[in-house]
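K.L.:
give me coordinates for this.
(one chain, ligands or ions: 2)
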Amino acid sequence: MNLGFIGAGKLAHALAKGFIAAGLTKGNLLTVSCAPEDTLSAETFKQLGATINYDNKEIIKKSEVTIIAVKPDVIPQVLTDIKDVVTKKNLLLSVAMGVTIKQLEQGLPGNSRVIRVMPNTPALVREGATVYVSGTHATEQDCDLTKQLFGSVGICERVNEYILDPVTALSGSGPAFIYTVIEALSDGAVRMGMARDLAYKLAAQTVVGAGKMVLNTQTHPGVLKDNVTSPAGSTCEGLHHLEENGVRSAFIKAIEGATKKCRETAKKQ
Ligand SMILES: NC(=O)C1=CN([C@@H]2O[C@H](COP(=O)(O)OP(=O)(O)OC[C@H]3O[C@@H](n4cnc5c(N)ncnc54)[C@H](OP(=O)(O)O)[C@@H]3O)[C@@H](O)[C@H]2O)C=CC1
Ligand SMILES: O=C(O)[C@@H]1CCC=N1
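P.N.:
Numbering: from 1, shown residues only. Ligands and ions are numbered 1, 2, ... in the order given. Next comes the predicted model:
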């Protein structure tokens, strides 16, 4: 598949490498734009075999499917850059946090085929979690292609747009929250005498294992937690400390805060 990327940052890298690993495209089939001063991103894409072009119009002309992966405040500029060259042949997939279908469609010619996608960086290792929302003029074939593309690098679900901001908070930002948990658990283990390398390895595999238990056994997380917690054992001692320090409330507030930030971004566009 020929793929265009407008924006060659962290997410674009993760997606490109994931799609290549999944066999859906090849490095030399990618056409990518970035800010001219962003030599590091350009270099990383060049190493994949991609063609770099600093003119966003050229990406649209060369690729039938383009992923727009710039920061939300750059979206208006990108839409202005490309609107004269977008035709019915182009499918545009925007991953920008807080930028609505309506805002995207308003900046483009009528009938433009737009899909809003919220992936996450674990797409790099084909363990991503993605949702997408169809725009007004995207076809069922466009939705199928989006599902095929992002489904090749993890799970991919179609949703209604009203849920996109909490999704962004949960699975879009979520990897950062989990990395913080992995670091903190490891710091605790190091404090108790464990070597750091072993601590990161055990903490990360524990997150992978617990996640797979929830997905594969379809058992309520509370039941799975109870199965680990022996009477008067060490786990309930650890859980007691987490509850005393408001761990649940901290995560709930993290999702609430991140969701609100997405909503503020939508209002500013
Ligand atoms: N990172 C993540 O985990 C996720 C990110 N997203 C969304 O993806 C988008 C990109 O995020 P992320 O990859 O983290 O951000 P980055 O800052 O890493 O990437 C953005 C890229 O766009 C480039 N850029 C800036 N201006 C232009 C322009 N006019 N034309 C073309 N490229 C330009 C930037 O160059 P320069 O650095 O020189 O400005 C940079 O390379 C955001 O909208 C974000 O909400 C969604 C889900 C997850
Ligand atoms: O931090 C951000 O704004 C983006 C959206 C989701 C993950 N990263």
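K.L.:
count of residues packed around the residue of the stretch 101-250 of the chain found nearest ligand 2?
P.N.:
With CB to the nearest ligand atom as the measure, residue 172 is the residue of the stretch 101-250 of the chain nearest to ligand 2, at 3.2 Å. For glycine as for every other residue, the C-beta is placed from the backbone atoms N, C-alpha and C. By other CB atoms under 10 Å, the residues close to residue 172 number 24.
K.L.:
could you do residue 105 as well?
P.N.:
Neighbourhood size, residue 105 [other CB under 10 Å]: 19.
K.L.:
my guess is it meets residue 115, correct?
P.N.:
No: assessed by CB atoms under 8 Å, residue 105 is found out of contact with residue 115, at 11.0 Å.
K.L.:
over to the residue of the chain most remote from its centre. Which of the three states is it?
P.N.:
What lies farthest from the middle of the chain is residue 232; by CA atoms, centre = their mean that is 40.3 Å. Secondary structure for residue 232, judged by DSSP: H, G, I helix; E, B strand; the rest coil, is coil.
K.L.:
next one: it from residue 86, what distance?
P.N.:
According to CB to CB, to the nearest Å, residue 232 and residue 86 sit 65 Å apart.
K.L.:
equivalent analysis for residue 39, please.
P.N.:
28 Å.
K.L.:
who's more crowded, those two?
P.N.:
Neighbours per residue, other CB under 10 Å: of residue 39 and residue 86, the larger number sits with residue 86, 21 against 12.
K.L.:
lowest-pLDDT helix or strand in the chain?
P.N.:
helix 39-48 (a mean of 90; mean pLDDT, DSSP states H and E).
K.L.:
distance between the next helix or strand after that helix and the chain's centre?
P.N.:
Sequence-wise, the next helix or strand downstream of helix 39-48 (DSSP states H and E) is strand 51-52. Taking the mean of its C-alpha atoms, strand 51-52 sits 23 Å from the chain's own mean (CA atoms, centre = their mean, to the nearest Å).
K.L.:
who does strand 51-52 pair up with?
P.N.:
Partner strands and pairing direction for strand 51-52 (DSSP bridges) are strand 30-33 (parallel).
K.L.:
residues making contact with the partner strand?
P.N.:
2-8, 12, 16, 42, 45, 48-56, 58-59, 62-63 (CB atoms under 8 Å, 6 or more residues apart in numbering).
K.L.:
what's the burial count for the nearest residue to residue 149 once chain neighbours are set aside?
P.N.:
Distance criterion CB to CB, 6 or more residues apart in numbering; nearest residue to residue 149, sequence neighbours excluded, is residue 24 at 6.3 Å. Neighbourhood size, residue 24 [other CB under 10 Å]: 17.
K.L.:
now residue 24, what are its backbone angles?
P.N.:
Main-chain torsions, residue 24, degrees, to the nearest 10: phi -80, psi -20.
K.L.:
cool, and residue 197?
P.N.:
Torsion angles, degrees, to the nearest 10, at residue 197: phi -60, psi -50.
K.L.:
report the separation between it and ligand 1.
P.N.:
Residue 197 sits 25 Å away from ligand 1, going by CB to the nearest ligand atom, to the nearest Å.
K.L.:
that residue - how many residues pack around it?
P.N.:
Neighbour count for residue 197, taken as other CB under 10 Å: 9.
K.L.:
then residue 201?
P.N.:
Residues near residue 201, counting by other CB under 10 Å, number 12.
K.L.:
okay, it and residue 216: tell me how far apart.
P.N.:
Residue 201 is 21 Å from residue 216, where distance means CB to CB.
K.L.:
go on, residue 45?
P.N.:
Taking CB to CB, one finds residue 45 at 35 Å from residue 216.
K.L.:
same check on residue 119?
P.N.:
On the measure of CB to CB, residue 119 and residue 216 end up 22 Å apart.
K.L.:
more neighbours: those two, which one.
P.N.:
For residue 119 versus residue 216, the count of surrounding residues by other CB under 10 Å is larger for residue 119: 26 against 8.
K.L.:
wait, the more buried one touches residue 146, no?
P.N.:
No: between residue 119 and residue 146 there is no contact under CB under 8 Å: 10.3 Å.
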